[in-house]
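>>> Turn this into a model:
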Amino acid sequence: MTLINSRPRGRAVATALFLEACLCAGTIAYAPTAAAATKQVRVNLKQYCASQKLQFAGYNAKLRKFRCGVQAPGFNTYFWTKLRSIDLSRVCSRAHGTTRWRYQGNKVWCIVEVGANLSICNRRNGPIWTVVAHYVRPPRNGSATGWVTQGWWKVDAGNCRRLWSDRKYEGDIYLHATTKSGDLAGRDATMCINPGRKFKIGNADKAANCRAGGLKRAGMYKFAVKSGNNTFNFR
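Residues are numbered from 1 along each chain as shown. Okay, the predicted model is just below:
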């Protein structure tokens, strides 16, 4: 015989009502959690040593360092002089803006974050004006944070427009557009926009931040951004 405790029933009903109220207010937009993608760029250590007017001396297992030096002739052999360790973090920082690297044998790669390109294409018969919402993690020196909506970008009929180039971002964004005849509003989330002028609004997913004059909540389409080229089509 199974005993069912009926006491939590009231709490369960209250929770269900709360969730229903949240859904009525608009789908919750969660912050992106994906890490930035990376690529590995090969470092030519022979070329680096040559730029220092030295020769590549290989990897020293005892010192755990790659080195440059001068190869001097000896009797039936050669020896190394003026040996200098190669600071790979510094090399990668100067060449690719990163201090991360890895090696295998005598080969070295700098590990570089790959940015995202975002283009909006208008597959309709008339112009559209678009809004993009992306997530900004605090703090950012007092600038807008959380889900930030920004607009407007005009895209003519049959054209595409690049909004981001090599931006360090990976995860979901939200998009909205308007036309001369009405809005192109998705149902994935609702966020605050300013339909009458250019704007940038922080924490735009919070209803309390949309009570100022001229602002309104608008439906958004969710779109997953990855490293490389990303294109969203309004149809």
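
>>> ok, how many other residues are close to Arg102?
11 (other CB atoms under 10 Å). Yep, even glycine has a C-beta here, placed from its N, CA and C like the rest.

>>> Check for me that Gln47 belongs to a strand.
No - assignment of Gln47 by DSSP: H, G, I helix; E, B strand; the rest coil gives helix, placing it outside any strand.

>>> From Cys121, how far off is it?
According to CB to CB, to the nearest Å, Gln47 stands 41 Å off from Cys121.

>>> Now do the contacts for the residue nearest to Lys82 when sequence neighbours are not counted.
Leaving aside its sequence neighbours, Lys82 sits nearest to Val70 (CB to CB, 6 or more residues apart in numbering; 4.6 Å). Contacts here follow CB atoms under 8 Å, 6 or more residues apart in numbering; on that basis Val70 touches 54-55, 80-82.

>>> so where's the chain shaky on pLDDT?
1-28, 30-36, 139-144 (pLDDT under 70).

>>> in it, which spans are helices?
Secondary structure of the chain (DSSP state H): helices at 9-25, 45-51, 88-96.

>>> before we move on, back to that, look at Gln47 and Cys121 and report which has more neighbours.
More neighbours surround Cys121 than the other of Gln47 and Cys121, with 16 against 9 (other CB under 10 Å).

>>> if I read this right, the more buried one contacts Arg162, doesn't it?
No - using CB atoms under 8 Å, Cys121 is not in contact with Arg162, being 10.2 Å away.

>>> Identify the residue nearest the geometric centre of the protein.
Against the mean C-alpha coordinate of the chain, by CA atoms, centre = their mean, the closest residue is Tyr169 at 0.6 Å.

>>> So that residue sits against Glu113, correct?
No - judged on CB under 8 Å, Tyr169 makes no contact with Glu113 at a distance of 10.3 Å.

>>> what's near enough to touch Lys226?
Taking CB under 8 Å, 6+ apart, we find Lys226 in contact with 37, 116, 170.

>>> For Asn233, state which of these is nearest.
For these, the residue nearest Asn233 by CB to CB is Ala116; the value is 17.0 Å.

>>> which ones are touching the closest one?
So Ala116 contacts 164, 166-170, 225-228, 230 (CB under 8 Å, 6+ apart).

>>> List only buried entries from those residues.
Neighbour counting with 16 or more other CB atoms under 10 Å marks 164, 169-170, 225, 227, 230 as buried within these.
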